[in-house]
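Student: curious how this folds, go ahead:
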Amino acid sequence: MVQIEYKLTEKEVYKGLVQNNSSRLITKILRGLGVFLMVVMVFTTTVNLVNGIYYFSMSYLFPLLMGVYLTFLSEITAKIQVPNLIKTKNPFVQEVKVRMDGNGFRMKGESFSNFMEWEKFHSIVETADFFLVKPTEASANIMPKRAFTTEDVAEFRNLLEGVVGPKVKWK
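Tutor: Alright, predicted model coming up:
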């Protein structure tokens, strides 16, 4: 059994949201599309400037801005969401107690308490700073690694080795 307590800082909420979004397939596809759009538009603009064409219209600006937006969608969305989450005392920013054992995952905060069996989770993803325990592909319980001792991390990994159901992605 692993028990941890933590309260996410504003910076951790931002990083956790970005890392959760970045772990999704649709985000990776949109980011690739955004990079492609930016490369095409920068190439087109460079060719036009070299050829002496200095006329720029929305047909140039819109795809370039769309490329930037799609490339940095996770960061932009998180930057907009975090102040509202902090202001509304969302469960993300509450003092949280987590208990994980062979039966499942229990999370308790100031205004919520939930329990879920491991088999019902979509995935568990380890990132550089967090463990993301994801009930669905789009949502995640963000647990900072700073709340875990070395023994807790080893026990958490051992615990999940015997679990059937969620996809587990270790760093």
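
Student: helix or strand right after the helix ranked longest in the chain?
Tutor: Identified as the longest helix of the chain according to DSSP state H is helix 25-50. Scanning forward in sequence from helix 25-50 by DSSP states H and E, the next helix or strand is helix 58-71.

Student: tell me what angle that next one forms with helix 25-50.
Tutor: What separates the directions of helix 58-71 and helix 25-50 is an angle of 150 degrees, with axes from the mean of the first three to the mean of the last three CA atoms, to 10 degrees.

Student: which other helices and strands does helix 58-71 contact?
Tutor: Packing contacts for helix 58-71, counted by 3 or more CB pairs under 8 Å, 6 or more residues apart in numbering; DSSP states H and E, involve helix 25-50. The C-beta positions use only the backbone N, C-alpha and C, and glycine is treated the same way.

Student: pLDDT of the helix it packs on, averaged?
Tutor: Helix 25-50 shows a mean pLDDT of 92.

Student: do the same with stretch 158-169
Tutor: Rounded mean pLDDT across stretch 158-169 is 86.

Student: can you show me the helices along the protein?
Tutor: 10-22, 25-50, 58-71, 73-87, 150-161.

Student: between the longest helix of the chain and helix 10-22, how many degrees?
Tutor: 90 degrees.

Student: run the chain-centre distance for helix 25-50.
Tutor: Relative to its chain's centre, helix 25-50 lies at 23 Å (CA atoms, centre = their mean, to the nearest Å).

Student: how does this protein divide into domains?
Tutor: Following automatic domain parsing, one gets these domains for the chain: 2-8+88-169, 15-81.

Student: so who does the nearest residue to residue 107 once chain neighbours are set aside touch?
Tutor: Nearest residue to residue 107 in three dimensions, chain neighbours excluded: residue 98, at 5.2 Å (CB to CB, 6 or more residues apart in numbering). Neighbouring residues of residue 98 by CB atoms under 8 Å, 6 or more residues apart in numbering: 2, 3, 4, 5, 6, 105, 106, 107, 108, 141, 143.
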